[in-house]
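>>> Sequence first, predicted coordinates after that:
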Amino acid sequence: MTRTITDFDKSLEELTGLIEGDPAEAPTPLVEWIMRSWKKPLSSLTDEEIGRLVVQGYGMPYILDLVWVKLQRDPLFEGSYYPGDVLSNLIRWEKENWKDRPEYEAELKSLYKRAIQRPKEEKDSFLESLGLPTDDSLSN
C-alpha cells in the first residue's frame, strides 16, 4: 500500500497555497481558532487542534496524514471531544472525502475493530457517537 508523505514541517497554508488571512479578523472564535491552526506547522499542532480540524473537515488530505499515525497507535485517539471522536467522524465521512487517501479508507474497518475491543469505559462514547449500543444497553 502506497503512503502519501506530507511534510509536517509545513503549515496548511504552505501545503495548500490557501492563505487564511488574519485570525484577529475572524467572525467567530471557532473560525479564529481554525485560522491560527492553519498557519502553524503540522508538527506543532496539538491533539486538540488536529481533532478539531478533522471534525470540521479542514486541511484535508494533509491532516489525515498526520492523524493516521495517531489512529494506528490508538484508534480511540481523542481529538478534543471524547475518546474515539476522530475515528467516529472519519467512519461517518462521505465516500468522496476519501478520494485523495483511499488507502486510509481501506483501513477504517481494522481501526474500528480494534476500537471496539477496548475496555467499556474507553469505548462507550465512541459507540454512542455512532448510534451503537454500549455493553450496558445490550445486557438489559
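The structure has been received and is ready for your questions.
>>> can we go C-alpha only for contacts and neighbour counts from here?
Fine.
>>> Can you tell me which helices and strands the biggest helix by length in the chain packs against?
Using DSSP state H to define each element, the chain has its longest helix at helix 102-116. Counting contacts by 3 or more CA pairs under 8 Å, 6 or more residues apart in numbering; DSSP states H and E, helix 102-116 packs against helix 62-73, helix 85-91, helix 120-129.
>>> Flag whichever of these has the least confidence on average.
Ranked by mean pLDDT, the helices and strands packed on helix 102-116 bottom out at helix 120-129, with a mean of 89.
>>> So which bits of that helix are buried?
Glu122, Lys123, Asp124, Ser125, Phe126, Leu127 (16 or more other CA atoms under 10 Å).
>>> repeat for stretch 65-74
Counting neighbours by 16+ other CA under 10 Å, stretch 65-74 gives Asp65, Leu66, Val67, Trp68, Leu71, Asp74 as buried.
>>> May I ask you to confirm that the first one is in contact with Thr6?
The one in question is Asp65. Yes. With contacts counted by CA atoms under 8 Å, Asp65 reaches Thr6, the gap being 6.6 Å.
>>> And the average pLDDT for the helix or strand Val55 falls within is what?
For Val55, the host element (DSSP states H and E) is helix 47-56. Helix 47-56 comes out with an average pLDDT of 92.
>>> who's in contact with that helix?
34, 37, 59-60, 63-64, 67, 78-80, 85-86, 89-90 (CA atoms under 8 Å, 6 or more residues apart in numbering).
>>> Done for today, thanks.
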